[in-house]
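sequence below, structure please.
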Amino acid sequence: MMKEKTKVRSWELIDDKTLVKKTDRSFFKYAGATIPGPMHKFFDAESMRNGERWEIRIRYEGLMYDAHLEKESLYLGRVRIFWSKELKSVFLDVIKENSEFPLLSIVKMSENVYEFQLA
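Numbers count the residues shown, from 1 in each chain. Below is the predicted model:
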């Protein structure tokens, strides 16, 4: 029996290795996104403590970029993902060529490496 997909707002967990997000303007403007609670497990972030920051890597179109997960120190303790200015610039070029915001597919490659694909 197939497990039901988990969907929260613009995020959908397809399986334990694949996560999809419908991007929006803030995703590109701020080079990051807030990760909903049910998606924390995908990033192994359930054990993050408030104020903690974990370095990760993002592979996009064959190149590696620096990124990080951070858990806010405020009472909400939101977990967010942010990526480098270099990747932000690459992503901004992508949306210049599209009339709609693309879907982001995230594939977990290893413990701290994620492959991003925009479609």
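
on the C-terminal side of the longest helix along the chain, identify the next helix or strand.
Determined from DSSP state H, the single longest helix within the chain is helix 85-96. The helix or strand immediately downstream of helix 85-96 is strand 103-110, counting by DSSP states H and E.

packing partners of the helix or strand following that following strand?
For strand 103-110, the following helix or strand on the C-terminal side (DSSP H and E) is strand 113-118. Judged by 3 or more Cβ pairs under 8 Å, 6 or more residues apart in numbering; DSSP states H and E, strand 113-118 is in contact with strand 53-60, strand 103-110. (Each C-beta comes from the backbone N, C-alpha and C, glycine too.)

against which helices or strands is the last one packed?
The one in question is strand 103-110. Strand 103-110 packs on strand 18-22, strand 113-118, going by 3+ Cβ pairs under 8 Å, 6+ apart.

export these as TSV, with columns for mean pLDDT.
Compiled in TSV, the helices and strands packed on strand 103-110 are given as follows (pLDDT from 0 to 100):
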stretch	mean pLDDT
strand 18-22	97
strand 113-118	97
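
relative to E97, which of those is closest?
The closest of these to E97 is strand 113-118. By Cβ to Cβ, the value is 10.5 Å.

residue contacts, the most centrally placed residue in the chain?
Geometric centre of the chain, nearest residue: I81, 5.6 Å, by Cα atoms, centre = their mean. I81 makes contacts with G32, A33, I35, F43, I56, A67, H68, L69, as judged by Cβ atoms under 8 Å, 6 or more residues apart in numbering.

any idea how far the third one lies from L63?
It stands for I35. Per Cβ to Cβ, to the nearest Å, I35 is found 23 Å from L63.

quick one: buried residues of the worst-scoring helix or strand of the chain on mean pLDDT?
The helix or strand of the chain with the lowest confidence, counting by mean pLDDT, DSSP states H and E, is strand 6-8 at a mean of 90. Neighbour counts over strand 6-8 (16 or more other Cβ atoms under 10 Å) mark T6 as buried.
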